[in-house]
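Participant: what follows is a predicted structure for the sequence shown.
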Amino acid sequence: MTDASQLGFANLPFLAHRKSVKKGFEFTLMVVGESGLGKSTLVQSLFLTNFFGNKNNPPAIERISQTVSIDATTVDIEEKGVKLRLTVVDTPGFGDAVNNTQCWQPVIDYVNEKYEQYLRDESGLNRRNIEDHRVHCCLYFINPIGHGLKPLDIEFMKQLHHLVNIIPVIAKADTLTAPELKKLKLRVMQEIRDNGIQVYTGEGDDDDEAEFRELRESMPFSIVGSNTLLEVNGKRVRGRLYPWGVVEVENKDHCDFVKLRNMLIRTHMQDLKDYTQDMHYENFRKKKLIEGSPGHHSMANVVTAAVSGGPDKTMVAKEREMDELRRQMAMLQAQLAAQQNTV
């Protein structure tokens, strides 16, 4: 086809890109882990922004009975004309109490609350300007001196992996030698598999297979965070100074900070949002629709009436007939959807 006979729809990707840039992007990152593992430092290192101010950890006496709280901070970042509204959700108090039973419940409630809010907005009158506050990614910090996952780590991820994309990271990896770190990574991933925990590993085409293979092999990411600038071989780098040398944050031979940053910001941010929309949110939405469907309530009413000697048999039969019609309609809709997907 010659240039003169081209229709011009090849410009559609550029139009979509321009519209997306004009609208801006939203992303919500949650960080979970015990106090003192460097969560705030890592987030500031990733986005070069001070989200939490000069926050100090409370003394041990205050943490004995401390409960988990949720702190969400939103900032607007712009780079080369692209605007990003970034929300970082911190969970101070997680794992710090003597009794950590059900300490993951406030996190579950927060994630579900944001799904509920999005569902209400999506079902409302003004659907054009819906703000997306759903949690798209959860960085879970693992203590490097634990020789593997603690029972709290396992239980938290088992409770949350079906609600949010979990990415495990080994905090303060500079406290371990290279052989120790390699051994810990293998043990953590084996314990994750043994407990049936689903962590985010990304999904890509054949062209991206090498990239996703590297991502899977790097998990859990070994992380070192620092906002201190040091001079090494005539260059200024961010790192940590020790008597034996300098640990460079952005050196791939020292830690996986660059891999994590590239995955979160450059290559997988949209994929994390899409997976949240297509999997986690759709599962939540389906559950809510089933719970709120007329058939769900009518069948519950029929059972209640039958037990309590309520309406007569004719009404009960009518209710059952209506439920059967709804079930058949749902089956037809599912068949039509399957046919459309195969076309």
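Facilitator: On my side now, so go ahead.

Participant: the residue nearest the centre of the chain: what's it in contact with?
Facilitator: The residue lying closest to the centre of the chain (Cα atoms, centre = their mean) is Cys137, at 2.1 Å. Listed by Cβ atoms under 8 Å, 6 or more residues apart in numbering, the contact set of Cys137 reads 27-30, 164-165, 167, 200, 264, 272. No exception for glycine: its C-beta is placed from N, CA and C like everyone else's.

Participant: quick one: least confident of those residues?
Facilitator: The weakest per-residue confidence within these falls on Leu264 (88).

Participant: got any ranges where the stretch 51-200 of the chain has weak pLDDT?
Facilitator: For the stretch 51-200 of the chain, applying pLDDT under 70 flags the ranges 51-67.

Participant: which residues of it fall in strands?
Facilitator: Per DSSP state E, counting those that start in this stretch, the stretch 51-200 of the chain carries strands over the ranges 71-79, 82-90, 137-142, 166-170.

Participant: reformat these as TSV; add distance to Lys235.
Facilitator: Converted to TSV, these look like this (distance: least, Cβ to Cβ, whole Å):
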stretch	distance to Lys235
strand 71-79	23
strand 82-90	28
strand 137-142	28
strand 166-170	26
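
Participant: and Asn99, which of the ones you listed is closest to it?
Facilitator: Asn99 lies closest, by Cβ to Cβ, to one member of those: strand 137-142, at 20.5 Å.

Participant: rewinding a little: looking at strand pairing, list the partners for the residue nearest to the centre of the chain.
Facilitator: Taking DSSP bridges as the rule, Cys137 bridges to Leu29.

Participant: any idea how far Met269 is from it?
Facilitator: To Met269, Cys137 is 8 Å away according to Cβ to Cβ, to the nearest Å.

Participant: what is in contact with the two at once?
Facilitator: With Cβ under 8 Å, 6+ apart, Cys137 and Met269 have common neighbours Phe27.

Participant: could you give the mean pLDDT of stretch 233-252?
Facilitator: For stretch 233-252, the per-residue pLDDT values average out at 86.

Participant: okay, domains of this protein per the record?
Facilitator: Per automatic domain parsing, the structural domains of the chain span 12-287, 297-342.

Participant: looking at those domains, which is buried most?
Facilitator: Burial among the domains of the chain, expressed as mean neighbours by mean count of other Cβ atoms under 10 Å, is greatest for domain 12-287, which shows a mean of 16.
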